[in-house]
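Student: sequence and predicted model, in that order:
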Amino acid sequence: MENYKNPVLVVDDDRLIIAALKAILEEYFEIQAATSGEQALAMLKTNYKPDLILLDINMGGLNGFQVIRQLKDDPATKEIPVVFLTSHTDSRTKEVAANFGAIDYLNKPFDETSLLNCMLKHLKPNKKEVVSVENKPSVLMVDDDILIISTLTKILSPFYNLRTASSGEECLKIIKKEQKPDLIILDITLGGITGFDVIKQIKVDYETKDIPIIFLTSHTNRGYEEQGLSLGAADYIHKPFVPEIVRLRVKNQMHIINQLRTIQELSLTDTLTGAFNRRYFDDRLDLEWRRAIRHESSIGLLILDIDDFKWVNDNYGHLVGDIVLKNLVNVIKPCISRAADLLARWGGEEFAVILPGTHLEGTVVVAERIRETVEATKNSQNYKGNDDIYVTVSIGANNTIPKTGSTMESFVYNTDKALYLAKEQGKNRVAVASEEW
Ligand code: GH3
Ligand code: MG
Ligand code: MG
């Protein structure tokens, strides 16, 4: 999803400067440009209200000081922070600028990092931040050289939540215990275990293997680079490094990981209801089944089918039927409480719930809770017509402690058989699979 971008007005009569500013800023801000003071003032007379203005001083026509005076005189624009961007570097101009009410002052030629830092600083008091702290992706920097850490902090902190580790051991501890970072920047030679040891451990752990790792190292020889990349590093950067290049490479990796996440999310969810889809259900059941065998723990499974759903479609139309299906997911979700529990759309009007580590008794309790809640919930919100639509579900419940010989397929088959039993026995009920089947 696109982030909100603060609107920013840049005013400069040099089109090259405008182009350069746009190239840097458009990614983060909603940029509008004016090539004269007059044009800027005209724009600001409309509904357009930027969160910040970058203003050149020397311009043909009205100069920057004349523009800011008018802005500060007008109640509609006087709160907008103005940053002067100019080649006047003397302290006198600086003083005058401050007297006119400019919030900050940047010298041309500007470097990208100080420009961005300056803008972010002055946008912060606004309620709309460029990227809120919670939404910022996180980067873990692992290096035993404090200078490297401080340089990285300077370039990355406007865009990422940063954490640091000064050894490989500390890095591993952080990613096991705390929230996983979105990306790791890793040195190779560290005090204790090396960066290569660290990446090996990260790549074998299912929970961490997809975190992109960028090596940042003074080992510039080909052998090291080849080894780093073949161990699964996303990138390999030599020290001494150009800060801007590091920032861009981090950004590229973040872009890739975001795309990957979107694709994963889309491929796992059912578009109509937002529940997990059948494919994900199959994968997860397989995973939980094997886990249950390893731990000799029990696993519960429910298959639910809406009663007389064809009647709902025939009476109210297919679209209403769709809304009922969507609602049902929201009704069922709160009935399953454990983090490992999983609700998926199994087929058309059928859903399945996996309950790992749950005994038979618990499995039946959850099934009964779902049945009761669905029965009690009116499905009349999102559509026209006065009828309150109630639906009920029949549920097949099953539970086992899987042994190496027992098959998942027969476990699922028997759960489905229990569902048919519930239908046969009169619907709106829970039937439990028999161990004899
Ligand atoms: P029973 O109580 O025996 O389950 O009867 P039923 O009418 O629910 O069962 P049946 O298998 O005869 O019909 C299932 C219905 O579910 C038919 C189909 O139109 C409807 N259905 C399946 N998928 C969707 C869907 O995505 N949207 C809508 N609106 N209806 C669906
Ligand atoms: Mg059905
Ligand atoms: Mg049905």
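Tutor: Here it is on my side, so go on. Ligands and ions are numbered 1, 2, ... in the order given.
Student: when you work out contacts or count neighbours from here on, use the C-alpha atoms and nothing else.
Tutor: OK.
Student: burial count for the residue nearest to residue 269 when sequence neighbours are not counted?
Tutor: Nearest non-adjacent residue to residue 269, counting by CA to CA, 6 or more residues apart in numbering: residue 276, 4.2 Å away. Counted by other CA atoms under 10 Å, the residues lying close to residue 276 total 22.
Student: check contacts around residue 276.
Tutor: 268-270, 343-345 (CA atoms under 8 Å, 6 or more residues apart in numbering).
Student: same question, residue 341
Tutor: 353-356.
Student: also near ligand 3: which of those residues, exactly?
Tutor: Filtering those for proximity to ligand 3 by CA under 5 Å from the ion leaves nothing.
Student: separate out the buried members of those.
Tutor: Neighbour-count burial (16 or more other CA atoms under 10 Å) applied to those gives 353-356.
Student: may I have the helix or strand hosting residue 93 as PDB, with CA atoms only?
Tutor: Element membership of residue 93 [criterion: DSSP states H and E] is helix 91-99. Taking C-alpha atoms only, helix 91-99 is exported to PDB below (Å, rounded to 0.1, in the frame of the first residue of the first chain):
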ATOM      1  CA  SER A  91      25.600  34.600   8.300                       C
ATOM      2  CA  ARG A  92      23.900  37.900   7.600                       C
ATOM      3  CA  THR A  93      21.500  36.300   5.100                       C
ATOM      4  CA  LYS A  94      20.900  33.500   7.700                       C
ATOM      5  CA  GLU A  95      20.000  36.000  10.300                       C
ATOM      6  CA  VAL A  96      17.600  37.900   7.900                       C
ATOM      7  CA  ALA A  97      16.000  34.600   6.900                       C
ATOM      8  CA  ALA A  98      15.300  33.800  10.600                       C
ATOM      9  CA  ASN A  99      13.900  37.200  11.200                       C
END
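Student: helices or strands up against that helix?
Tutor: Packed against helix 91-99 by the contact rule (3 or more CA pairs under 8 Å, 6 or more residues apart in numbering; DSSP states H and E) you find strand 104-107.
Student: alongside ligand 1, which residues does this structure contribute?
Tutor: Residues of the chain found near ligand 1 (CA under 6 Å from any ligand atom) are 305-311, 313, 318-319, 321-322, 348-349.
Student: select only the buried ones of these in PyMOL?
Tutor: Provided next is the PyMOL selection string for whichever of these are buried by 16+ other CA under 10 Å:
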select buried, resi 305+306+307+309+321+322+349
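Student: show me the residues of the chain next to ligand 1 that map onto helices.
Tutor: 309-311, 313, 318-319, 321-322 (DSSP state H).
Student: could those be laid out in TSV, adding pLDDT?
Tutor: Converted to TSV, these look like this (pLDDT from 0 to 100):
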residue	pLDDT
309	96
310	96
311	93
313	92
318	89
319	87
321	91
322	91
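Student: hmm, back to that, pull the most distant pair out of the contacts of residue 341.
Tutor: Farthest pair in these (CA to CA) is 353 and 356. Separation: 9.7 Å.
Student: got the confidence number for residue 36?
Tutor: Note for residue 36: predicted pLDDT of 95.
Student: oh sorry, the question was meant for residue 134
Tutor: Reported pLDDT for residue 134: 55.
Student: which parts of the stretch 251-400 of the chain sit against ligand 3?
Tutor: So the stretch 251-400 of the chain meets ligand 3 at 305-307 (CA under 5 Å from the ion).
Student: one step back: would CSV of the contacts of residue 341 with pLDDT, distance to residue 365 and secondary structure be doable?
Tutor: Shown next, in CSV, are the contacts of residue 341 (pLDDT from 0 to 100; distance: CA to CA, whole Å; DSSP: H, G, I helix; E, B strand; the rest coil):
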residue, pLDDT, distance to residue 365, secondary structure
353, 98, 13, strand
354, 98, 14, strand
355, 97, 11, strand
356, 96, 14, strand
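Student: in contact with the nearest residue in space to residue 94 that is not next to it in sequence, which residues are there?
Tutor: Nearest non-adjacent residue to residue 94, counting by CA to CA, 6+ apart: residue 105, 7.0 Å away. Neighbouring residues of residue 105 by CA under 8 Å, 6+ apart: 83-86, 94, 97.
Student: hmm, 7 Å instead?
Tutor: Residues near residue 105 by CA atoms under 7 Å, 6 or more residues apart in numbering: 83-85.
Student: format these as TSV; extra columns: neighbour count, secondary structure and pLDDT.
Tutor: Formatted as TSV, the contacts of residue 105 follow (neighbours: other CA atoms under 10 Å; DSSP: H, G, I helix; E, B strand; the rest coil; pLDDT from 0 to 100):
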residue	neighbour count	secondary structure	pLDDT
83	25	strand	94
84	27	strand	92
85	24	strand	88
